[in-house]
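*Asks:* please work out how this folds:
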Amino acid sequence: MVSKDRRRRELARQKYARQRQRRDESVRRTKRRNVIVAGVVAVALAAGATAYASVTLIGGDRKGTTDDAAPAPSATADPCARPAPGSPSKKTWPKEPAMTVDAAASYTAELATTCGRITFAMDAAKAPHTVNSFAFLAGQGYFDHSRCHRLVDQRIYVLQCGDPKGTGEGTPGYTLPDENLKDPRLKGDVYPAGTVAMANRYDGTDPKTRNSGGSQFFLVYQDSPLPPNYTPFGRITGGMDVLKKIAAAGSRPDPATGNTAPNATVVIDKAVVRKS
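*Replies:* Residues are numbered from 1 along each chain as shown. The predicted structure follows:
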């Protein structure tokens, strides 16, 4: 005859197994979305070939039960430091800032993050609106103290930042035109490692969702199969090791937003753009 203690232990083990199965399935579902746009764009891979199906899933999947409402704890230690004192920006603007960048000049962005320094060269000649906006927002302190809220580490490999809300739904109040989508470096529908590009809300079919970039951008740390729908405006010149460290720490589902958040605490303490 099975004792009451042994029965309780068995029931507890079964409950834990069910919870673990739900969490693992939640991770798989979320990572399959391969979120990348400001709202969330899913990239589907068809069997035997790479195909794309872009779907707007703004707000993510908020459904869940009591057992799987909380993300599974990470077994990986946080490799990043504590954020500098300060609060994310709440500023917005009614329209795109006036053009002030020199298309013939070179611009470098520097992100001082809790995980290390990341720098990238920006192409004002090919993406003047995007570079102008990025320089404006950096000058306004818009990126300072903001969390990089999304890490995609399956099939596509990107870290997404630029939303002070940290949800994937924040905007500066205006949108930007798509630019440089025919960049020859995007050959074969691949965004190569080192690319910096703008996220947007393009759903893959409706032309009205074009030209919907804002402040959110993503850093590609490994070659990623993506259709050329996202303005490439920069190339990483330093800090790829920082991105690899962040990626190595892994990601977790965020039930509140539907994103896959990095396990590392990635916060932009300060963003600066310099002209040279």
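
*Asks:* could you use CA atoms for every contact and neighbour count after this?
*Replies:* Fine.

*Asks:* quick one: neighbours of Thr113, just the number.
*Replies:* If you count neighbours by other CA atoms under 10 Å, Thr113 ends up with 26.

*Asks:* beyond the lowest-mean-pLDDT helix or strand in the chain, next helix or strand please.
*Replies:* In the chain, no helix or strand scores lower on mean pLDDT, DSSP states H and E than helix 4-33, which sits at a mean of 64. For helix 4-33, the following helix or strand on the C-terminal side (DSSP states H and E) is strand 107-113.

*Asks:* who does the helix or strand just after that next one touch, helix- and strand-wise?
*Replies:* Secondary structure here is assigned by DSSP H and E; on that basis, the next helix or strand after strand 107-113 toward the C-terminus is strand 116-122. Strand 116-122 makes packing contacts with strand 107-113, strand 232-238, helix 240-248 when contacts are defined by 3 or more CA pairs under 8 Å, 6 or more residues apart in numbering; DSSP states H and E.

*Asks:* strand 116-122: what's the following helix or strand?
*Replies:* Towards the C-terminus, the helix or strand next in line after strand 116-122, according to DSSP H and E, is helix 128-139.

*Asks:* got the contact list for the helix or strand following that next one?
*Replies:* Proceeding C-terminally, helix 128-139 gives way to strand 146-147 as the next helix or strand, assigned by DSSP H and E. Surrounding strand 146-147, the residues in contact under the criterion CA atoms under 8 Å, 6 or more residues apart in numbering are 87-89, 161-166, 265-269.

*Asks:* okay, Asp178 and Ala199: tell me how far apart.
*Replies:* From Asp178 over to Ala199 the distance is 10 Å, taken as CA to CA, to the nearest Å.

*Asks:* can you check Asp144 too?
*Replies:* As for Asp144, its distance to Ala199 is 18 Å (criterion: CA to CA).

*Asks:* what count of nearby residues applies to Asn229?
*Replies:* Should you count by other CA under 10 Å, Asn229 turns out to have 22 residues around it.

*Asks:* SS state for it?
*Replies:* Counting by DSSP: H, G, I helix; E, B strand; the rest coil, the backbone at Asn229 sits in coil.

*Asks:* list the contacts for it?
*Replies:* Contacts of Asn229 were listed using CA under 8 Å, 6+ apart, and they are Asp178, Leu181, Tyr202.

*Asks:* among those residues, who's most crowded?
*Replies:* Busiest of those [other CA under 10 Å] is Tyr202, holding 24 neighbours.

*Asks:* contacts only, for the residue nearest the centre of the chain.
*Replies:* Geometric centre of the chain, nearest residue: Gln160, 2.0 Å, by CA atoms, centre = their mean. Taking CA under 8 Å, 6+ apart as the contact definition, Gln160 lies against Ile36, Cys148, His149, Arg150, Leu151, Gln216, Phe217, Phe218, Leu219.
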